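> Sequence and predicted structure below; questions after.
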Amino acid sequence: MRIEDLKPILEAVIFVASEPISEEELARLLPEADRAHVAAALEVLRREYEAEGRGLELRRIAGGYRISTRPEYHEYVRRYLKTQPSARLSMAALETLAIIAYKQPITLPEIQEIRGVNSARAVKTLLEKRLIEPKGRKPVVGRPILYGTSREFLIHFGLNDLSELPALEDFQELGSESS
Amino acid sequence: MHADPWCDLPDELPPREPEREERYTVKLEVFEGPLDLLLHLIKKEQVSIYDIPIARITEQYLDYLRRMEELDLTIAGEYLVMAATLIYIKSKMLLPRDQGPMVEAEEDDPRRELVERLLEYQKYKAAAELLWSKAEREQAVFTRGRVETDDANPEVNATLFDLFRAFHRAMERLKERQELAIAREEITMAQKIAELQARLEREERVDITALFEEARSRRELLILFLAVLELVRIAVIRVVQTERFGRILALRVRASTEIVA
């Protein structure tokens, strides 16, 4: 199959997928197509979405492809959906999540060591929201649970993978500038 | 001449300082913990994090705790531990250092450990802010509406809380209503489930909020609530909402859904 033929097929499938759909899964659906062509078609499609002034965007999220509305039109979308933005995470939860994202897998006592405050509630909230998940236990006294970020975390923050987060050292510079 | 010193006041007193007033307003910033508070004080005083004037910062830190106390806020233990640490560092700084020349190495600085913790924490605080802005952008992004084959509907999870809220509200309302029932009706949960299922046979969707409101006694309401939870659990129904905080509807889970999916 030629790239030009693959493009609309891929677009159609990505459109109906309820979650970001990976290149592997798309390739499996199209055994008649060359794997490299699928990859190329996806890239072309993504660029087309970027270039044309459309209300939709095709993004790489959590290792897959997803079609969504562009953020600049949220006001109009909300007008139609009649929805309010959902409750935001508290600063305590975000701090805890940032530590987990950068230091995973990490235990609750280690998180508390960095934050200097009890963080059990923040961890519980993050677990409930499925932004983090247990990743086994640390082989030390008490065998505390190790936590890491989930796929839901990537989706929630619009990341393709963890490497998209800036290096922690970059924050240091930012921090010392402001103080 | 000086009979009434007050009469001259309006002319002689400088206009009231706005700062003074602010000091008495009951407003206290909220911090994520002692490290967050310290970073705030360091920034406010415009001092270097690498050379913290411990005496001054300790003073302000304790002042903050005092104000918290005045407002009857419970001070978390971590704040007190940090207060002790600050006082300890302060006292150590007052002690004469080792006499030897060049001993004033950085490792000797009693503030070192604290500074390292602050720097470490500051990085994650900045990272948290980045996450916040990313989440903010994603809040403004929508994927297409869910189609019927979406079996893993997150709305169900979310609305369990709403279900409870609706139950709670109906419960509150019942409290206000005088109960006149004399004969004690002994409806069981099994009966309630059968009743609900029979109704779902006839109707595509049943308004749960309305059912809650119709309940005549707390017992009936409770049984109804448990029956709904049970039906959700055994996947006979799904509870959905058409809008946030809207009415809660029960939909029959069609056996055919699985085949379609």
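Cool, got the structure.

> pLDDT weak spots in the stretch 151-261 of chain B?
Low-confidence regions of the stretch 151-261 of chain B, defined by pLDDT under 70, span residues B:151-159, B:176-185, B:242-245, B:254-261.

> Can you show me the strands along it?
Assigned strands in the stretch 151-261 of chain B, in chain order: B:205-207, B:237-241, B:248-252 (criterion: DSSP state E, counting those that start in this stretch).

> Same check on chain A?
Along chain A, the segments classed as strands by DSSP state E run A:21-22, A:56-61, A:64-69, A:106-107, A:132-137, A:145-149.

> So what's the residue count around residue 115?
By default, I'm working from chain A. Per other CB atoms under 10 Å in any protein chain shown, the neighbour tally for residue A:115 reads 25. C-beta: built from backbone N, CA, C; applies to glycine.

> Hmm, no, I was thinking of chain B.
Using other CB under 10 Å, residue B:115 has 17 other residues around it.

> Report the contact partners of it.
By CB atoms under 8 Å, 6 or more residues apart in numbering or on different chains, residue B:115 lies in contact with B:49, B:50, B:52, B:109.

> so residue A:91 touches residue B:32, yeah?
Yes: applying CB atoms under 8 Å as the test, residue A:91 and residue B:32 come out as touching, 5.6 Å apart.

> Out of the two, name the residue with the larger neighbour count.
Set side by side, residue A:91 and residue B:32 show more neighbours around residue B:32, with 23 against 17, by other CB under 10 Å.

> Wait, a strand at that one?
No: counting by DSSP: H, G, I helix; E, B strand; the rest coil, residue B:32 is not part of a strand but coil.

> That one and residue A:93 touch, don't they?
No: Residue B:32 sits out of contact with residue A:93 when judged by CB under 8 Å, with a separation of 10.3 Å.

> before we move on, the earlier item: how about CSV for the strands of chain A, with mean pLDDT and distance to chain B added?
What follows is the strands of chain A, written out as CSV (pLDDT from 0 to 100; distance: least, CB to the nearest CB, whole Å):
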stretch, mean pLDDT, distance to chain B
strand A:21-22, 95, 12
strand A:56-61, 94, 8
strand A:64-69, 95, 5
strand A:106-107, 97, 11
strand A:132-137, 94, 12
strand A:145-149, 96, 11
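
> Residue B:215 is nearest to which of those?
The minimum distance between residue B:215 and those falls on strand A:132-137, with 38.8 Å, by CB to CB.

> what's the angle from the closest one to strand A:145-149?
With axes from the mean of the first three to the mean of the last three CA atoms, to 10 degrees defining the directions, strand A:132-137 sits at 140 degrees from strand A:145-149.

> what does strand A:132-137 contact?
Residues contacting strand A:132-137 (CB under 8 Å, 6+ apart): A:97, A:100, A:104-105, A:123, A:126-127, A:143-150, A:153.

> Same check on stretch A:10-25?
Outside of stretch A:10-25, the residues that reach it under the criterion CB under 8 Å, 6+ apart are A:26, A:29, A:38-39, A:41-42, A:45, A:58, A:60-67, A:155, B:143-144, B:146-147, B:150, B:152.

> Up against chain A, what does the stretch 101-250 of chain B have?
Taking CB under 8 Å from any CB of the partner chain as the measure of proximity, the stretch 101-250 of chain B contacts chain A at B:117, B:119-132, B:134-144, B:146-147, B:150, B:152, B:243-244.

> Surely residue A:145 is in contact with residue A:108?
Yes: counting by CB under 8 Å, a contact exists between residue A:145 and residue A:108, whose distance comes to 7.2 Å.

> residues touching the nearest residue to residue A:45 once chain neighbours are set aside, list them.
In this structure, residue A:45 finds its nearest non-sequential neighbour in residue A:7, 5.3 Å apart by CB to CB, 6 or more residues apart in numbering or on different chains. Under the criterion of CB under 8 Å, 6+ apart, the contact partners of residue A:7 comprise A:41, A:44, A:45.

> In contact with the first one, which residues?
The reference is to residue A:41. By CB under 8 Å, 6+ apart, the contact set of residue A:41 is A:3, A:6, A:7, A:10.

> try residue A:114
The contact partners of residue A:114, by CB under 8 Å, 6+ apart, come to A:99, A:103, B:117, B:120, B:121, B:124.

> returning to what we had before: just the buried ones from the residues of the stretch 101-250 of chain B next to chain A?
The neighbour count (16 or more other CB atoms under 10 Å in any protein chain shown) marks B:117, B:119-132, B:134-135, B:138, B:140-143 as buried among these.
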